[in-house]
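# A predicted structure for the sequence below; I have some questions about it.
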Amino acid sequence: NAGVTQTPKFRVLKTGQSMTLLCAQDMNHEYMYWYRQDPGMGLRLIHYSVGEGTTAKGEVPDGYNVSRLKKQNFLLGLESAAPSQTSVYFCASSYSWQRGGAYNEQFFGPGTRLTVL
Amino acid sequence: RKEVEQDPGPFNVPEGATVAFNCTYSNSASQSFFWYRQDCRKEPKLLMSVYSSGNEDGRFTAQLNRASQYISLLIRDSKLSDSATYLCVVNKNSNYQLIWGAGTKLIIKP
């Protein structure tokens, strides 16, 4: 099992360009998440999905869009990149959610390092 | 005030020593608590969940203090391989969205 994979691993964009980050998981997880990680800050949730065909906004959704057409894939789009979107992007997945339950562990992909010039 | 606060460190600790760090959280409705470990330029990985009664996994012990709204992580007999950033994570209200601390950097020295 590959777990959670992300493509690409690195990308440099110019301001105004668009791109899509792909996340794939082979663990049959229901829940998937996109985070960004910036120096000195905790991971911040951009968007998430609780199942195929569903998406919802997280803490910092502006400037991003997502789609979950297949259970195993979660796409993150940047329509018009800005320097403030320079960050490391992590995708994660989890089986489900139970209060205090054992299925809450989030499994992460290796990250995408994005620089917007 | 940040929802989850951690001392950023770094904590420089000699190999074999015991080290502990705390994390405070602001939302009294939070129900689930975790410690994740993140190595340099890698993805976070779950170290352990934190249960109300406290829990231990080998050299690692986690405690929850609901009254004071903090969780703690104790590492005994520290190894060089324990060098990493430790992320405190708390669920938002009672749902599955997680709030992540910025992390505490730990450096174990020979």
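All right, it came through fine. Model, not experiment: these values are computed from the prediction. Numbering: from 1, shown residues only, chains lettered A, B, ... in the order given.
# rest of the way, CA atoms for contacts and neighbours
OK.
# Low-confidence stretches in the chain?
With no chain named, the answer covers chain A. Scanning chain A for pLDDT under 70 picks out the ranges A:97-103.
# meant chain B, my bad for not saying
The model of chain B has pLDDT under 70 over residues B:94.
# what sits against the residue in it that chain A sits nearest to?
When distances are taken as CA to the nearest CA, chain B reaches nearest to chain A at B:Ala102, 3.8 Å away. Applying CA atoms under 8 Å, 6 or more residues apart in numbering or on different chains to B:Ala102 gives the contacts A:40-43, B:5-6, B:8, B:87-88.
# same thing but 10 Å
B:Ala102 makes contact with A:37-44, B:2, B:4-8, B:85-89 under the criterion CA atoms under 10 Å, 6 or more residues apart in numbering or on different chains.
# Of those, which belong to strands?
In strands, judged by DSSP state E, the following of those are found: A:37, A:44, B:4-6, B:85-89.
# Quick check: of these, which lies closest to A:Thr112?
A:Gln37 (10.3 Å; CA to CA).
# Wait, the closest one touches A:Leu43, no?
Yes: if you go by CA atoms under 10 Å, A:Gln37 and A:Leu43 touch, sitting 4.7 Å apart.
# how would you label A:Ser84: helix, strand or coil?
Secondary structure, DSSP: H, G, I helix; E, B strand; the rest coil: A:Ser84 is helix.
# Tell me which stretches of chain A form helices.
With DSSP state H, there are no helices along chain A.
# how distant is stretch B:85-104 from the center of its chain?
A distance of 9 Å separates the C-alpha centroid of stretch B:85-104 from that of its chain, computed with CA atoms, centre = their mean, to the nearest Å.
# before we move on, what about stretch B:101-110?
The chain centroid and the centroid of stretch B:101-110 are separated by 10 Å under CA atoms, centre = their mean.
# Over to stretch B:13-23?
Relative to the chain's own centre, stretch B:13-23 is displaced by 12 Å; criterion: CA atoms, centre = their mean.
# residue ranges for the strands of the chain, please.
Because you didn't say which chain, this covers chain A. Secondary structure of chain A by DSSP E: the strands cover A:4-7, A:10-13, A:19-25, A:31-37, A:44-49, A:56-57, A:64-67, A:73-78, A:87-94, A:107-108, A:112-116.
# You answered for a different chain; I wanted chain B.
For chain B, the strands defined by DSSP E cover B:4-6, B:11-14, B:19-25, B:33-38, B:44-50, B:55-57, B:60-65, B:70-75, B:84-91, B:98-100, B:104-109.
# With mean neighbour count as added columns, please give those in JSON lines.
Output for the strands of chain B, formatted as JSON lines (neighbours: other CA atoms under 10 Å in any protein chain shown):
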{"stretch": "strand B:4-6", "mean neighbour count": "22"}
{"stretch": "strand B:11-14", "mean neighbour count": "16"}
{"stretch": "strand B:19-25", "mean neighbour count": "19"}
{"stretch": "strand B:33-38", "mean neighbour count": "22"}
{"stretch": "strand B:44-50", "mean neighbour count": "20"}
{"stretch": "strand B:55-57", "mean neighbour count": "14"}
{"stretch": "strand B:60-65", "mean neighbour count": "19"}
{"stretch": "strand B:70-75", "mean neighbour count": "20"}
{"stretch": "strand B:84-91", "mean neighbour count": "25"}
{"stretch": "strand B:98-100", "mean neighbour count": "23"}
{"stretch": "strand B:104-109", "mean neighbour count": "20"}
